[in-house]
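Peer 1: Could you look at this predicted model? Sequence included:
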Amino acid sequence: MSVPYQIKSIEQYQADYKKSIEEPEAFWASIAEHFVWKRKCLPAGEAGKNVLNWNFKEPKIEWFAGATLNITENCIDRHLADKGEQAAIIWEPNHPDERVRVVTYNRLHKRVCQFAQVLKNNGVKKGDRVCIYMGMVPELAYAVLGCARIGAIHSVIFGGFSAQSIADRLEDAQAEFIVTCDGAYRGDKVIPLKSVIDDALIGNKVVKKVIVYTRTRTPVSMLKGRDIWWEDEMDHAETQLEQQGGIHFPAEEMDAEDPLFILYTSGSTGKPKGVVHTSAGYMLWTNYTFLNVFQYKPGQIHFCTADIGWITGHSYIVYGPLSAGATSLMFEGVPTFPDAGRFWDIVDKHQVNILYTAPTAIRSLMSFGLEPLQGKDLSSLKVLGTVGEPINEEAWNWYDENIGKKKCPIVDTWWQTETGGCLISNLAGITPSRPGWATLPMPGISPKLVDENGNDSPEDEDGLTKGNLVIDKPWPGILRTTWGDHERCRTNYFATYENLYFTGDGAIKDENGFYRITGRVDDVLNVSGHRIGTAEVENAINMHSGVVESAVVGYPHEIKGQGIYAFVIDNNLHGDEELTRKDILQTVSRVIGPIAKPDKIQFVKGLPKTRSGKIMRRILRKIAEGETENLGDTTTLLDPNVVDEIKNGKL
Ligand code: WTA
């Protein structure tokens, strides 16, 4: 069965785009008709109700407010009649010799209902925050959807974050419940997740229950009264539900604008912020973009290689594919274990049709040459995708030639945690692609490029427009607030330019209206497609007792896209630079997690500062990039000599 709002031609894209901008309410209301509601939204204008209420000043953004639904009925129940025995999730384990698990929609329904009952048995209510810190196992999807079923707000934390990071997030969200695993497999490593949670909970007085799923049989300490086993709880819930007449847990009625989840992400300030997405708008947006960008066809297998700890996993492993009744492949491991042919083995083994990954993974696999591709049948592939960072032309071409065999359109999808789903991307096989360019905006998205003062950037002689990327209208998947601090949401995204959502990215537009994203213009780094705030890393480095002050900038890195370069003033107490370097790395691992460890640490005597004490990052960035000549004006510096010293000591 084809989906009426799946765009089939470039003409339809143009027509739909036009309609979405001119009549957004009618456009989205007609798409909303294709979902399951408990109470439908009143037609626009009736009894003071609108599909959309908004202003970017506060900001206040509401889509379908007053209508009610449960997203899990859209992701699961509605598919049971005709797709009950179809795979919803195919799970590929870390080690290829371990058994694959196929979770049908019937089984997914059963497990999600059971887990919702477990949450209820443990006192979880609508609106409560549940923190999820698990490896990539199907139970992670059950946990996420179980929360949504009962109306609890999930907050998934990526398994690479440290105890301190978890503690900060638990505190900010005031989460009372945690779901975790004893451990997680990642390549040849075992990450002791429960033990990290134990450290995060030292001194925590808010968390009442920790539910622990057994994956690695890593020894764990189970605190009486607080820590409980997933397996016991699920068995108990099963018996309970069966006694009540069968495994079904009624889905909580949620307002369209009730929060669905919080996902913490880095910004230019020191503390990560909890981006809040709500039920209906997020559902529509992930479903619509999934079907249109990837041009998903019934029966296809979609493999998104992200971790559910990041937004890409939320939107394109769980909610987008499942709301579309698709088969989503979930991979527990890493691309290079047991060898660099792992992705290609998975594509071959499961006859994957859509592969969605990050440029950093492509570049890393490229570096192993073509040998890992030998004997791998990739002919099932129809569509390739990339996300998370700008893709360089070399990587794009390698992906096109060696993986897609020049037969698969590549979608370069630009979006953010805050946007819920893709905003700028070509539509596979429908709109044109261009290496390194995300190309055209999705229907509903009206991007603009502005200068520092918010004025429209002019077009230059070559027909190019350059500027900061902003969006001037809300779309259904836009963030609604930052948890516990609405003002922070306003100042971060809606205050830089009046009445505009500021993305933090710079971009170029060509004469065809194609966009190329050039990267962050704020103090946010993009390391291997992971967002990391420079202030966050500096705070962590500064916590080391040997550090007086530090400044962190990004520099071009062949595989990671950006690497982290730290300039550090140390107090030289034990005189061993190498040891201090290791201590700093250890400190950053402890405070944030291994993903934020600097690639380079240069010890310096001073940092380039203005007379008012502000660090001139522009200069440091240039030095880190290898530029020694054109450092710009250094006369306003308090002590221009530090620049020479830093230049001479460059790593
Ligand atoms: C960057 C990930 C260029 C961008 C979905 C954005 C990209 C940040 C692309 C968001 C792309 C994402 N081309 N840059 N196709 N996709 N980015 O929140 O800088 O983890 O602001 O969301 O990644 O990262 P986040």
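Peer 2: All right, it came through fine. Note that the coordinates shown come from a computational prediction; the quantities given were computed from them, not determined experimentally.
Peer 1: And the ligand, is the helix or strand residue 281 falls within touching that?
Peer 2: Applying DSSP states H and E as the criterion places residue 281 in helix 279-293. No. Counting by C-beta under 6 Å from any ligand atom, the ligand is not contacted by helix 279-293; separation bottoms out at 11.1 Å. Bear in mind the C-beta positions are built from the backbone N, C-alpha and C, glycine included.
Peer 1: And that helix, what does it pack against?
Peer 2: helix 24-32, strand 60-63, strand 68-69, helix 71-72, strand 259-265, helix 320-323 (3 or more C-beta pairs under 8 Å, 6 or more residues apart in numbering; DSSP states H and E).
Peer 1: Dump the ones you listed into a markdown table; add mean neighbour count as well.
Peer 2: What follows is these, written out as a markdown table (neighbours: other C-beta atoms under 10 Å):
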| stretch | mean neighbour count |
| --- | --- |
| helix 24-32 | 19 |
| strand 60-63 | 22 |
| strand 68-69 | 22 |
| helix 71-72 | 28 |
| strand 259-265 | 24 |
| helix 320-323 | 28 |
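Peer 1: sorry, back to before: after the helix holding residue 281, which helix or strand is next?
Peer 2: Following helix 279-293 toward the C-terminus (DSSP H and E): strand 301-304.
Peer 1: returning to that earlier point: for the helix holding residue 281, C-alpha coordinates in CSV please.
Peer 2: The C-alpha coordinates for helix 279-293 follow below in CSV (Å, rounded to 0.1, in the frame of the first residue of the first chain):
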residue,chain,number,x,y,z
SER,A,279,4.2,13.6,21.0
ALA,A,280,2.2,14.5,17.8
GLY,A,281,4.5,17.0,16.1
TYR,A,282,7.6,14.8,16.6
MET,A,283,5.7,11.7,15.4
LEU,A,284,4.5,13.5,12.2
TRP,A,285,7.9,14.9,11.4
THR,A,286,9.9,11.7,11.9
ASN,A,287,7.3,9.7,9.9
TYR,A,288,7.1,12.2,7.1
THR,A,289,10.8,12.7,6.7
PHE,A,290,11.5,8.9,7.0
LEU,A,291,9.1,8.1,4.2
ASN,A,292,10.1,11.0,2.0
VAL,A,293,13.9,11.3,2.4
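Peer 1: Point out the residues in this protein that sit beside the ligand.
Peer 2: For the chain, the contact set with the ligand under C-beta under 6 Å from any ligand atom comprises 265, 310-312, 387-390, 412-417, 438, 503-505, 517, 519-520, 526, 531.
Peer 1: can you tell me how far the closest residue to residue 379 other than its chain neighbours sits from residue 373?
Peer 2: In space, and not counting its chain neighbours, residue 379 is closest to residue 405: 7.9 Å by C-beta to C-beta, 6 or more residues apart in numbering. When C-beta to C-beta, to the nearest Å is applied, the distance between residue 405 and residue 373 equals 11 Å.
Peer 1: Which one's more surrounded, the two?
Peer 2: Neighbour totals were compared for residue 405 and residue 373, and residue 373 leads with 16 against 11 (other C-beta atoms under 10 Å).
Peer 1: thinking that one is in contact with residue 344, fair?
Peer 2: Yes. With contact taken as C-beta atoms under 8 Å, residue 373 and residue 344 are classed as touching, separated by 5.6 Å.
Peer 1: what about residue 462, which SS state?
Peer 2: coil (DSSP: H, G, I helix; E, B strand; the rest coil).
Peer 1: How many residues are close by it?
Peer 2: 8.
Peer 1: again, but for residue 252
Peer 2: Each residue near residue 252 was counted by other C-beta under 10 Å, and the total is 20.
Peer 1: Can you tell me how far residue 190 is from residue 198?
Peer 2: In this structure, residue 190 lies at 16 Å from residue 198, with C-beta to C-beta as the measure.
Peer 1: ok, and the closest non-adjacent residue to residue 650?
Peer 2: In space, not counting the residues next to it along the chain, residue 650 is nearest to residue 623; the distance is 6.0 Å by C-beta to C-beta, 6+ apart.
Peer 1: my read is the one you found is in a helix, agree?
Peer 2: Yes. Residue 623 sits within a helix when classified using three-state DSSP.
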